[in-house]
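Chemist: how would this look folded up:
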Amino acid sequence: MTKPLPDHPHIDQLKRQAKELLAAYRRGDDAALARFRGALPAAMGKDDSQIAALNLRLHDAQSCLAREYGFPSWAELDAFVTTRRAASADRAGAVLEWLRLVYAGDISGTMRRPRPAAAVRLLAETPHLLAGDALLACATGDVDRVRAAIAQDPAWVNRPGGPLKLPPLVAVTHSSLVGLPAFAGRLRACARLLLEAGADPNQSVGNRWPPASADKPSETERLSALYGAAGQNHDSGLTALLLDAGADPNDGESLYHALESPDCVDLLLKAGARVTGSNALYRVLDWEAPEVLRLLLVRGGDANEPASGRPTADWGSPLLWAIHRRRSPACVQALLAAGANVAASAPDGTSAYAAALRFGLTAVADVLRQAGGGEALSVEDQFVAACAGGDEAAARAIQARQPDLPGALSDAQLRILPELAAQPGCGEAIELMVRLGWPLTVTAGDWNATALNHAVFRGDADLARFLLDHGARWTEAHGFGDNVSGTLSWASLNLPEDSGDWVACAHSLLAHGMPVARAPADGKGGLIIDGQRKWFSEDVTEALLGSVVSQ
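Modeler: As a prediction, the model looks like this:
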């Protein structure tokens with residue numbers, strides 16, 4: 001049963017509740033263990049000893065508390081409470097804050113993610129909030145109010161309005177509420193009604209992502225209604241409605257951002273979306289999606305499409321990019337079947353076969369060799385391949401014959417260490433490379449970072465600790481001009497809380513020389529580390545202030 005929130009909840013009050021729950025858990029309190037069992041997915045179905053062995057942390061207690069109050073995550077609860085308090089001042093401000101829960105930052109003009117569960121909860125508590133504004137009705141799929149607005153003024157369907165200055169169809173298709181079953185059908189019905197009433201299926205707005213804003217959107221980057229449906233919300237129903245009405249599938253955004261939805265990709269391609277020039281073929285290789293890759297290749301994708309812009313240009317072809325992203329043999333076979341040049345080489349001359357072995361992809365290298373892409377490797381590449389494949393005996397044998405390794409490796413070969421650190425599952429290879437003398441300050445990857453930066457970004461605490469134990473330093477810079485504390489800040493705030501252990505990373509950094517943080521005297525939030533103000537997730541903040549004992 002969902003617990004009711006206090007009458008006037010404050011986020012600080014809820015944080016205290018989470019800390020009290022965690023403290024009780026660490027004492028072995030039966031009631032605390034039962035609460036975790038009843039609300040936290042990781043603890044469900046487990047007995048007390050198994051839950052105790054989970055070594056739960058503050059973010060787990062926060063997640064448990066949020067679920068007890070009926071929210072899917074602490075972030076949704078935080079957004080709801082913060083917005084409700086801010087909304088109590090005036091209606092205009094309340095409406096704007098509510099819209100910022102519904103729409104992504106590129107529409108709302110913030111750097112926030114949408115929080116649909118919080119938006120719905122706030123609306124349930126204040127149903128009068130959206131009264132009288134048809135544009136607000138578009139955000140929730142209120143068909144009756146939209147129909148009444150059309151009857152009163154037919155030209156309204158193509159006129160921007162509301163606090164965010166959105167055309168009605170954009171307001172519908174970009175609404176994150178379409179991801180909730182209770183709202184999906186209503187929003188699709190609204191889109192159909194607007195299109196039937198003459199709404200332009202190609203309605204768009206300028207991107208409002210900061211430093212742009214709703215008042216001063218980008219003059220060059222347009223976000224279409226179709227991008228909202230297919231690229232932002234991945235809703236095939238809205239996508240089909242817009243395409244059937246004549247929406248342009250080549251809007252520069254929709255196909256690229258729809259790749260996580262095979263249904264939306266299929267609809268876009270059938271409507272004439274062009275793969276070449278969209279960068280979709282490179283983008284789909286950023287994760288393991290062989291079925292979508294095949295779809296793009298069958299529908300006009302060029303398996304040898306030249307790369308444009310960093311970081312893909314550093315590799316030169318989809319085949320090389322697939323290897324760089326450590327894709328499976330299935331993806332490589334799909335590219336080869338579509339005509340990818342097995343003899344392709346990166347701009348620095350590295351062949352696809354050598355690159356596969358550099359990244360420890362022996363199965364991929366076998367596929368390439370069978371397709372005619374094999375070659376004799378230099379001693380240096382044999383050494384890199386042995387390291388990346390975790391073959392310590394072979395690597396040490398080569399090093400014994402050529403003691404100047406790894407120092408004699410090229411820059412491209414040395415960059416394999418941070419490249420591997422950017423991806424999960426490579427810890428064994430990285431540890432071997434470090435033990436054999438690989439330099440730790442080499443930078444590489446999409447954001448030109450050291451291995452330690454990549455490990456902390458992913459929340460890989462074991463790898464971060466190993467690198468620090470072997471000489472890595474928290475002051476190592478990355479391509480955005482900050483050091484590892486900045487990496488910890490961004491990752492702990494923006495990546496899913498269950499995808500990494502940033503608390504343990506913080507403890508390791510503190511244990512290896514990063515200064516203990518202090519709360520700023522001006523009360524404006526954040527923490528001061530080495531003279532710089534930075535923000536972190538709640539549990540990482542606690543760790544950096546020294547109030548959480550390392551487990």
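Chemist: switch to C-alpha atoms for all contacts and neighbour counts from now on
Modeler: OK.
Chemist: Buried residues of stretch 319-336, list them for me.
Modeler: 319-336 (16 or more other C-alpha atoms under 10 Å).
Chemist: Packing partners of whatever helix or strand residue 462 lives in?
Modeler: Using DSSP states H and E, residue 462 falls within helix 461-469. Other elements packing on helix 461-469 under the criterion 3 or more C-alpha pairs under 8 Å, 6 or more residues apart in numbering; DSSP states H and E are helix 427-435, helix 451-458, helix 502-511.
Chemist: Quick one: list the elements packing against the first one.
Modeler: By that I understand helix 427-435. Using 3+ C-alpha pairs under 8 Å, 6+ apart, the elements in contact with helix 427-435 are helix 379-388, helix 416-421, helix 461-469.
Chemist: What is the burial count for residue 356?
Modeler: Residue 356: 25 surrounding residues under other C-alpha atoms under 10 Å.
Chemist: before we move on, what about residue 50?
Modeler: Close neighbours of residue 50, defined as other C-alpha under 10 Å, add up to 12.
Chemist: Same question for residue 113.
Modeler: Using other C-alpha under 10 Å: residue 113 sits among 17 other residues.
Chemist: got the contact list for it?
Modeler: Going by C-alpha atoms under 8 Å, 6 or more residues apart in numbering, residue 113 touches 101, 103-105.
Chemist: shaky segments in the protein?
Modeler: Across the chain, residues meeting the criterion (pLDDT under 70) sit at 1, 86-89, 310, 497, 547-551.
Chemist: which residues does the residue most central in space within the chain contact?
Modeler: Nearest residue to the geometric centre of the chain (C-alpha atoms, centre = their mean): residue 495, 6.1 Å. Shown in contact with residue 495 (C-alpha under 8 Å, 6+ apart): no residues.
Chemist: That one and residue 452, how far apart?
Modeler: Distance, residue 495 to residue 452, by C-alpha to C-alpha, to the nearest Å: 17 Å.
Chemist: Same question for residue 522.
Modeler: Taking C-alpha to C-alpha, one finds residue 522 at 32 Å from residue 452.
Chemist: Neighbour count for these two, which is higher?
Modeler: residue 452 (31 against 6).
Chemist: There's contact between the more buried one and residue 462 in this structure, I believe.
Modeler: No: between residue 452 and residue 462 there is no contact under C-alpha atoms under 8 Å: 11.0 Å.
Chemist: Now residue 200. Nearest residue, chain neighbours left out?
Modeler: Of all residues not flanking residue 200 in the chain, residue 158 sits nearest, at 6.6 Å (C-alpha to C-alpha, 6 or more residues apart in numbering).
Chemist: again with residue 305
Modeler: In space, residue 305 comes closest to residue 317 once its chain neighbours are excluded; the distance is 6.2 Å by C-alpha to C-alpha, 6+ apart.
Chemist: Return the residues in contact with the one you found.
Modeler: By C-alpha under 8 Å, 6+ apart, the neighbours of residue 317 are 303-307, 344, 346.
Chemist: that older thread, to residue 287, which of the helices and strands packed on helix 461-469 lies closest?
Modeler: Smallest distance to residue 287 across those (C-alpha to C-alpha): 15.1 Å, for helix 451-458.
Chemist: Could you list every helix and strand that that closest one packs against?
Modeler: With contacts defined as 3+ C-alpha pairs under 8 Å, 6+ apart, the packing partners of helix 451-458 are helix 416-421, helix 461-469, helix 484-494.
Chemist: I'd like these laid out as a markdown table, including mean neighbour count and distance to residue 253.
Modeler: Formatted as a markdown table, those follow (neighbours: other C-alpha atoms under 10 Å; distance: least, C-alpha to C-alpha, whole Å):
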| stretch | mean neighbour count | distance to residue 253 |
| --- | --- | --- |
| helix 416-421 | 26 | 28 |
| helix 461-469 | 20 | 35 |
| helix 484-494 | 22 | 22 |
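Chemist: Let me have those in JSON lines, extended by distance to residue 257.
Modeler: Below are these laid out as JSON lines (distance: least, C-alpha to C-alpha, whole Å):
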{"stretch": "helix 416-421", "distance to residue 257": "24"}
{"stretch": "helix 461-469", "distance to residue 257": "31"}
{"stretch": "helix 484-494", "distance to residue 257": "19"}
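Chemist: Relative to residue 197, which of these is closest?
Modeler: Using C-alpha to C-alpha, the helices and strands packed on helix 451-458 put helix 484-494 closest to residue 197, at 40.1 Å.
Chemist: Compute the inter-axis angle for the closest one and helix 502-511.
Modeler: Between helix 484-494 and helix 502-511, the angle comes out at 160 degrees (axes from the mean of the first three to the mean of the last three C-alpha atoms, to 10 degrees).
Chemist: For helix 484-494, C-alpha coordinates in PDB please.
Modeler: The C-alpha coordinates for helix 484-494 follow below in PDB (Å, rounded to 0.1, in the frame of the first residue of the first chain):
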ATOM      1  CA  VAL A 484      38.200  13.200 -12.100                       C
ATOM      2  CA  SER A 485      36.200  15.000  -9.500                       C
ATOM      3  CA  GLY A 486      34.200  16.600 -12.300                       C
ATOM      4  CA  THR A 487      33.700  13.200 -13.900                       C
ATOM      5  CA  LEU A 488      32.300  12.000 -10.600                       C
ATOM      6  CA  SER A 489      30.000  15.000 -10.400                       C
ATOM      7  CA  TRP A 490      28.500  14.500 -13.800                       C
ATOM      8  CA  ALA A 491      28.100  10.800 -13.600                       C
ATOM      9  CA  SER A 492      26.600  10.700 -10.100                       C
ATOM     10  CA  LEU A 493      24.000  13.200 -11.100                       C
ATOM     11  CA  ASN A 494      23.100  12.100 -14.600                       C
END
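Chemist: what's that helix packed up against?
Modeler: helix 451-458, helix 502-511.
Chemist: still on that earlier bit, how close does the residue nearest to the centre of the chain sit to residue 140?
Modeler: In terms of C-alpha to C-alpha, residue 495 sits 27 Å off from residue 140.
Chemist: again with residue 36
Modeler: Distance, residue 36 to residue 140, by C-alpha to C-alpha: 33 Å.
Chemist: quick one, phi/psi of the residue of the chain positioned farthest from its centre?
Modeler: Most distant residue from the mean C-alpha position of the chain: residue 401, 44.2 Å away (C-alpha atoms, centre = their mean). Backbone geometry at residue 401, expressed as degrees, to the nearest 10, gives phi -80, psi -30.
Chemist: same check, this time on residue 208
Modeler: phi -110, psi 10.
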